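Trainee: Turn this into a structure:
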Amino acid sequence: MKTIGMTILSLGCLLGMHAQNDFPPSGDAKIQDANLTIETSLWRPSLLTLRDTHYNPDQVYHFQLESDGLKIKQDGEVNYQFKSGGNFIVRNGNTMLGMGSPLYKLHIKDPLGGAAIGLERGGKLWRFDLQTNSDRLFIGHSDNSSIVTFHKDGKMGIGTTSPDAKLTVKGNIHAEEVKVDLNVPAPDYVFKEGYDLKSLQEIQDYIKEHGHLPNIPSAQEMEEDGIELGRMNMKLLEKIEELTLYVIDLKKEINLLKKDKK
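Mentor: Prediction:
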């Protein structure tokens, strides 16, 4: 757009000079140290036309003033429009901010790095940044430079710039409901014939030796490795089902003792 603007200025200068200034009918012309005003009292479909005839077909752009701004037309279609309120509209094409050829409706390219997009209000700024090698996209704020991080391998981090899972959150999560897909079997196997239910004496001996329940990670392991909710819930359910079996056995023993006393 900068190139188009300079072309408009140069050609407009040629059209707006006083009649006593003569220019060659062909070749280059130069206007220096001059102001230019193109003025009309009538509506015109093209206040200024740029035509390049060495292309086939000719490349023609028309610059038209309307009550709501400036329109740049090609073949009768409005391709670009600068509206009076400061809006810029592109129709039927891609827009590049930076150097290069646009590949999308809005293509931003900044070889020097820095924020690609900034949104500011009330002195506070939200910004979208690309890592130097473009491996990560950061969403940040004036008060927090990296709030959300997207990694090129599909990982997303909240509160961390180095996500190690599809979603990594450094901080608390508040949710109304969490659904976990199981990758381990549910522990109904506890109630099946042949399940190796340890005796209470064996459980007691194991606790004395290891300091935690069988098939449950130790406190140190959980502190170092964390816990997987799906797997841990199934382990806890396994212990609840084993406790149920112990209670049933104890109930049978109590009933036998009561019977013997009669």
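Trainee: Unless I misread the structure, residue 222 falls within a strand.
Mentor: No. Residue 222: not assigned to a strand; according to DSSP: H, G, I helix; E, B strand; the rest coil it is helix.
Trainee: Model confidence at it, what's the number?
Mentor: Residue 222 is assigned 94 on the pLDDT scale.
Trainee: do the same with residue 24
Mentor: Value for residue 24, per-residue pLDDT: 66.
Trainee: which one is residue 89 nearest to, not counting chain neighbours?
Mentor: Ranked by Cβ to Cβ, 6 or more residues apart in numbering and with sequence neighbours excluded, the top spatial neighbour of residue 89 is residue 81, at 4.3 Å. C-beta: built from backbone N, CA, C; applies to glycine.
Trainee: low-scoring pLDDT stretches of the stretch 101-250 of the chain, where are they?
Mentor: Counting by pLDDT under 70, the ranges of the stretch 101-250 of the chain that qualify are 111-115.
Trainee: quick one: the helices in it?
Mentor: Along the stretch 101-250 of the chain, the segments classed as helices by DSSP state H, counting those that start in this stretch run 200-210, 219-225, 229-261.
Trainee: just to revisit the earlier point, tell me who's in contact with the residue nearest to residue 89.
Mentor: 69-72, 87-89, 91 (Cβ atoms under 8 Å, 6 or more residues apart in numbering).
Trainee: separation between it and residue 68?
Mentor: Distance, residue 81 to residue 68, using Cβ to Cβ, to the nearest Å: 8 Å.
Trainee: same check, this time on residue 102
Mentor: Separation of residue 102 from residue 68 (Cβ to Cβ) stands at 25 Å.
Trainee: swap in residue 208?
Mentor: 85 Å.
Trainee: out of those two, which sits in the busier spot?
Mentor: Between residue 208 and residue 68, counted using other Cβ atoms under 10 Å, residue 68 has the larger neighbour count: 12 against 8.
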